[in-house]
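# quick one, what's the 3D model for this:
(one chain, ligands or ions: 1)
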Amino acid sequence: MSEKKILLSGIQPSGKLCIGNYIGALKNWVNLQDEYESIFLVVDMHALTVKQVPSELRQRCLSFVAQYIACGIDPDENTIVIQSHVPQHAELMWVLNSITYMGELNRMTQFKDKSKQHNKNINVGLFSYPVLMAADILLYQADVVPVGADQKQHLELARELAHRFNHQYSDTFKMPEPFISKTGGRIMSLQDPEKKMSKSDENDNNILGLLDPSDLLIKKIKRAVTDSGTDIVYDQSRPGLANLLGIYAKLSDKSIDKIVAQFEGKMYSHFKADLGELVVETLRPVQEKYSQLMDDKGYLETVLKAGADKSFVHARKTLSKVYRKVGFLLKK
Ligand code: AQP
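Model (predicted):
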């Protein structure tokens, strides 16, 4: 492994990747990839915590890998890996399960939210999700973990488990640091700007999909909920407009003030049309590259094989150490 620090992040292959994931995760990954030795996971085991159609999950995993690359992740310089291809994730999770307290998991906001959302399927996996996430991070001795503010609580648990294990046995895990980007704010739903834009949202009009056709993207932005005002200003009490201004700022790398000045005296319809164009132009090269990649499944499989082989070496090293420390008799 190089001298660079290790960065680890992942997305679960549920729903369809949207502009929220792009701004909050993928765009940052692309910006950080040269600075770190990066591992980007497609966390399919996490996705099982909500009901999936097996054939769709399989297809989505490959599609997410293609979208990572199409967004600018360089698979030659970084590791792209499917979580279930590296069995040590689940194995380390089992060890971490036995040093995690029920009370710690009970406090997790995501568990509370998802239990409400999937109240007919509150499974053990949903409850122990943060332990698997801790295993993902600690397995690779990650230095930095870019997360959205929503995932901060889970990262704190990973740090606590690393500390507990190191204290109970001896120094084993590196302490991971969260990396919360200053520019990667929360993108909100188009029709309900009080709630987060989520790739598994049942209402497709709430999200701008990375693979949505141009005319659909434009239509969704045109119909996005705003308010009865007329002037284009940034005001938190006008969440619909504030969200659209936020998307504009993140995609154009311009400040909100600059954008507000640019649209002074213009109407909402004008701003929405320009934003539509910006989104379409941002996603056009991504979509083109994606189509090429999906036509070459052999290439994607090569990327995944290389990712799994490389990850396996690091994962096995950490897990062997863990097994030795906890007192397992090692196989000769
Ligand atoms: N609306 C958002 N704004 C900014 N960042 C976002 N992320 C997700 N939504 C937004 C970031 O994208 C990554 C997604 O990781 P995940 O799929 O493992 O977690 P998630 O937070 O559950 O994502 P979704 O989109 O809400 O998925 P579903 O609907 O399938 O549960 C994370 O880095 C997250 O911060």
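# what ranges in the stretch 151-300 of the chain fall below the confidence cut-off?
182-184 (pLDDT under 70).
# residues of it that sit close to the ligand?
Residues of the stretch 151-300 of the chain lying close to the ligand by C-beta under 6 Å from any ligand atom are 151, 186, 187, 196, 197, 198, 199, 200. C-beta coordinates here come from the backbone N, C-alpha and C atoms, glycine included.
# among the residues you listed, name the buried ones.
When these are checked for burial by 16 or more other C-beta atoms under 10 Å, the buried set is 151, 187, 196, 197, 198, 199.
# can you lay out these as CSV showing distance to residue 67 and secondary structure?
Output for these, formatted as CSV (distance: C-beta to C-beta, whole Å; DSSP: H, G, I helix; E, B strand; the rest coil):
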residue, distance to residue 67, secondary structure
151, 20, helix
187, 17, coil
196, 20, strand
197, 16, coil
198, 16, coil
199, 11, coil
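# which one of the residues of the stretch 151-300 of the chain next to the ligand is nearest residue 83?
residue 151 (15.6 Å; C-beta to C-beta).
# got the contact list for the closest one?
By C-beta atoms under 8 Å, 6 or more residues apart in numbering, the residues touching residue 151 are 110, 133.
# give me the number of residues near the residue in the stretch 101-250 of the chain that the ligand sits nearest to?
The stretch 101-250 of the chain approaches the ligand most closely through residue 148 (2.2 Å), counting by C-beta to the nearest ligand atom. Other residues lying near residue 148 total 20 when counted by other C-beta atoms under 10 Å.
# next one, pLDDT for it please.
On pLDDT, residue 148 comes in at 77.
# can you give me the buried ones in stretch 207-214?
By neighbour count on 16+ other C-beta under 10 Å, the buried set for stretch 207-214 is 207, 208, 209, 210, 211, 212.
# phi, psi of the closest residue to residue 19 other than its chain neighbours?
Spatially, and ignoring its direct neighbours in sequence, residue 19 is nearest to residue 208 (4.1 Å; C-beta to C-beta, 6 or more residues apart in numbering). Dihedral pair for residue 208: phi -100, psi 100, per degrees, to the nearest 10.
# can you check residue 39 too?
According to degrees, to the nearest 10, residue 39 has phi -120, psi 120.
# please give me every residue in contact with it.
Counting by C-beta under 8 Å, 6+ apart, residue 39 touches 6, 7, 8, 9, 78, 79, 81, 140, 142, 311.
# with that, I have no additional questions.
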